[in-house]
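S.K.: All I have is the shape, not the residue letters:
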């Protein structure tokens, strides 16, 4: 389990960007099991397995929150999106990224996305994208539990920015007769306890009392949600269509994306690189 914590001084208020009205917008959520894409004016157009070569020779370029094959990821994006985007346009691309180890992921993702000839590439923490998709009140502390196929993140957002986070390399794709759904609930409960113990403020307590926001494919599994409710003693709030929440939240950021080519390859000023993770 890994963790990161950000001080209040490291957070900055969100400043909206002017909208680019002459560009195609693309939002991407690339997980180890599924890749989802949203295109401006068309909504979610892709929800497909994250594989480089479909079929018997399938190669999985993203594993447990890390891009392990950047060239393969680029080939996948070209195959999935290259023919779907208008010709002679340079899209604005917003990519979701895991909170922990997100620095490396963002760098590799930007390199892979270059195959789409983007005008600008922005990244957003998946937890923040989930909160945006849910229309959550970001002026109050918020816990986000994102249960994917091979990675589960617990993130505390304060003023919309990542304040603390934990993750475990365990998800719905790991469940079988030897790994029951209760293992995920146990891991999330342990991460929550750790976060509560290290938080010298009331932020985590307030967010837990408010009710964590639940997203990812795990939010569609009743055995997981029931177990989490029992273990956390808190009301869980599942995001509508939780498995596509991250890409829909990233799509919302396209409306405030940079308008000028000079911002290519940069993130919005509201997002700051996290400090080194603590083990």
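M.R.: Happy to help now that I have it. Computed from a predicted model, the values in this text were never measured in an experiment.
S.K.: Nearest spatial neighbour of residue 240, chain-adjacent residues omitted?
M.R.: In this structure, residue 240 finds its nearest non-sequential neighbour in residue 134, 7.5 Å apart by C-beta to C-beta, 6 or more residues apart in numbering. Yep, even glycine has a C-beta here, placed from its N, CA and C like the rest.
S.K.: Do I have it right that the one you found meets residue 239?
M.R.: Yes. In this structure residue 134 lies within contact range of residue 239 using C-beta atoms under 8 Å: 4.5 Å.
S.K.: Show me whatever sits in contact with both of those two.
M.R.: Between them, residue 134 and residue 239 share these contacting residues under C-beta atoms under 8 Å, 6 or more residues apart in numbering: 213, 215, 245.
S.K.: Relative to the whole chain's centre, how far out is stretch 187-197?
M.R.: Stretch 187-197 has its average C-alpha position 20 Å from the chain's average C-alpha position, going by C-alpha atoms, centre = their mean, to the nearest Å.
S.K.: Oh, that last question was meant for stretch 112-130, not what I typed.
M.R.: 11 Å.
S.K.: which regions of this structure sit below the pLDDT cut-off?
M.R.: Counting by pLDDT under 70, the chain shows low-confidence ranges at 1-23, 55-56, 102, 257-279.
S.K.: remind me, longest helix of it?
M.R.: When the chain is scanned for its longest helix (criterion: DSSP state H), the result is helix 182-198.
S.K.: Tell me which of residue 134 and residue 239 has more neighbours.
M.R.: For residue 134 versus residue 239, the count of surrounding residues by other C-beta atoms under 10 Å is larger for residue 239: 24 against 21.
S.K.: Can you name the residues that contact that one?
M.R.: When contacts are counted by C-beta under 8 Å, 6+ apart, residue 239 is found next to 130, 133, 134, 213, 214, 215, 219, 245.
S.K.: repeat that with 10 Å
M.R.: Neighbouring residues of residue 239 by C-beta atoms under 10 Å, 6 or more residues apart in numbering: 130-131, 133-136, 144, 146, 213-216, 219, 245-246, 248-249.
S.K.: Tell me the buried residues within these.
M.R.: 130-131, 133-134, 136, 144, 146, 213-216, 219, 245-246, 248-249 (16 or more other C-beta atoms under 10 Å).
S.K.: Of these, which is the nearest to residue 181?
M.R.: Nearest to residue 181, judged by C-beta to C-beta, of the buried ones among the contacts of residue 239 is residue 219 at 12.4 Å.
S.K.: how far does the helix or strand containing residue 27 sit from the chain's center?
M.R.: Take DSSP states H and E as the rule and residue 27 turns out to sit in strand 25-30. Put simply, strand 25-30 sits 11 Å off its chain's centre (C-alpha atoms, centre = their mean).
S.K.: Tell me which other helices or strands that strand touches.
M.R.: strand 34-39, strand 43-49, helix 70-81, strand 92-97, helix 102-113, strand 120-125, helix 126-134, helix 245-253 (3 or more C-beta pairs under 10 Å, 6 or more residues apart in numbering; DSSP states H and E).
S.K.: Mind doing that once more with 6 Å?
M.R.: strand 34-39, strand 92-97, helix 245-253 (3 or more C-beta pairs under 6 Å, 6 or more residues apart in numbering; DSSP states H and E).
S.K.: could you check the angle helix 102-113 makes with it?
M.R.: 120 degrees (axes from the mean of the first three to the mean of the last three C-alpha atoms, to 10 degrees).
S.K.: now the angle between strand 34-39 and strand 25-30, please.
M.R.: Using the same axes, to 10 degrees: strand 25-30 against strand 34-39 is 170 degrees.
S.K.: what's strand 25-30 in contact with?
M.R.: With contact meaning C-beta atoms under 6 Å, 6 or more residues apart in numbering, strand 25-30 is reached by 36-40, 62, 91-96, 246-247, 250-251, 254.
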